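Visitor: how does the following fold in three dimensions:
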Amino acid sequence: MRNISFALTTAQFLDGSKDVTRRMGWQFLRPGDTLMAVEKSQGLGKGGKIKRFGVILVVDVRREPLRALTDRDDGYGFEEVRREGFPCCSPPMFVSFFCRSHKGCTPDSVVTRIAFARGAQ
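Guide: Purely as a prediction, here's the structure:
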């Protein structure tokens with residue numbers, strides 16, 4: 001089973017406020033796929049161990065420009081930022097955070113939006 005890291009949003013994943021994540025790449029995912037949610041899976045250092053959080057089920061996958069969070073005026077950005085686990089963050093703040101934490105990302109970058117359910121078997 002493929003691992004998916006929540007290193008940048010561990011608290012949000014663990015407290016259950018996150019059921020959507022955006023990724024650079026990950027175009028191969030399909031609804032129904034299962035993934036192992038982990039804290040971190042790369043750069044662990046010698047002897048480092050993967051900390052597993054549990055299995056998640058992919059319920060929706062789509063590609064969209066990151067700027068969709070700020071361009072739409074129907075409340076989409078605010079709902080998506082809440083589902084990402086950042087209820088106190090504005091869409092422009094989230095887009096800035098995402099771009100700073102993902103090398104080469106700009107608001108025009110097309111990212112993979114993944115909706116998931118926890119506790120899949």
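
Visitor: the strands in this protein, which residues?
Guide: 3-5, 20-23, 34-38, 52-65, 110-118 (DSSP state E).

Visitor: would you reformat those strands as TSV and include mean pLDDT and mean neighbour count?
Guide: No exception for glycine: its C-beta is placed from N, CA and C like everyone else's. Formatted as TSV, the strands of the chain follow (pLDDT from 0 to 100; neighbours: other CB atoms under 10 Å):
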stretch	mean pLDDT	mean neighbour count
strand 3-5	93	18
strand 20-23	98	19
strand 34-38	95	18
strand 52-65	96	15
strand 110-118	97	18
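
Visitor: so which of the ones you listed is nearest F78?
Guide: Closest to F78 of the strands of the chain, according to CB to CB: strand 20-23, at 12.7 Å.

Visitor: circling back to that earlier point, with distance to K103 as extra columns, can I get the strands of the chain in a markdown table?
Guide: Formatted as a markdown table, the entries for the strands of the chain read as follows, by distance: least, CB to CB, whole Å:
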| stretch | distance to K103 |
| --- | --- |
| strand 3-5 | 15 |
| strand 20-23 | 13 |
| strand 34-38 | 21 |
| strand 52-65 | 18 |
| strand 110-118 | 13 |
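
Visitor: please consider this matter closed, and thank you.
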